[in-house]
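Engineer: make a model of this:
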Amino acid sequence: MLECRVSDIMAIKVPKVYRLKGTCNDVEVEVEFHEDVVEAPKKDSKFVVEITSSKDECLKHYFCAQGYVVSNTRLGDAYRVVISLHGFLAVIKGKQKVDLNVMEQVYLGVSFSR
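Structural biologist: Numbers count the residues shown, from 1 in each chain. From the prediction side, this is the model:
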């Protein structure tokens with residue numbers, strides 16, 4: 001589980017969809033949300049992200065989505081994992097390799113501090 005701080009919130013070209021960027025110590029996370037499903041948090045607020053194979057664990061979070069790992073690559077001295085949540089994307093970047101395989105089914109849970 002990653003404990004993160006909101007570093008940026010950006011509107012993207014898809015109507016009513018925004019990209020949440022967070023810093024989680026030495027890991028960066030970007031997740032796309034529809035504003036009718038997940039209200040945009042305030043900058044510098046805290047949130048947690050959990051990537052799990054357990055639907056039950058995921059459902060403990062405010063937001064839970066099932067998706068597939070579409071890439072797990074090394075770019076220079078960093079690793080990047082891209083997860084497709086049926087069109088919306090979640091990207092995890094960090095110095096440590098993430099033990100996920102391409103086309104592996106995962107659940108992504110996100111909870112916000114209120």
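Engineer: helices and strands around whatever helix or strand R5 lives in, which ones?
Structural biologist: Assigned by DSSP states H and E, R5 belongs to strand 2-11. Applying 3 or more Cβ pairs under 8 Å, 6 or more residues apart in numbering; DSSP states H and E, one finds that strand 2-11 contacts strand 17-24, strand 27-34, strand 46-52. (Glycine included, C-beta is placed from N, CA and C.)
Engineer: can you redo these as JSON lines with distance to K95?
Structural biologist: Compiled in JSON lines, those are given as follows (distance: least, Cβ to Cβ, whole Å):
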{"stretch": "strand 17-24", "distance to K95": "12"}
{"stretch": "strand 27-34", "distance to K95": "8"}
{"stretch": "strand 46-52", "distance to K95": "17"}
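Engineer: any chance of a markdown table for those strands, columns mean pLDDT, distance to N101 and mean neighbour count?
Structural biologist: As requested, those are exported to a markdown table (pLDDT from 0 to 100; distance: least, Cβ to Cβ, whole Å; neighbours: other Cβ atoms under 10 Å):
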| stretch | mean pLDDT | distance to N101 | mean neighbour count |
| --- | --- | --- | --- |
| strand 17-24 | 96 | 22 | 18 |
| strand 27-34 | 96 | 19 | 19 |
| strand 46-52 | 96 | 13 | 19 |
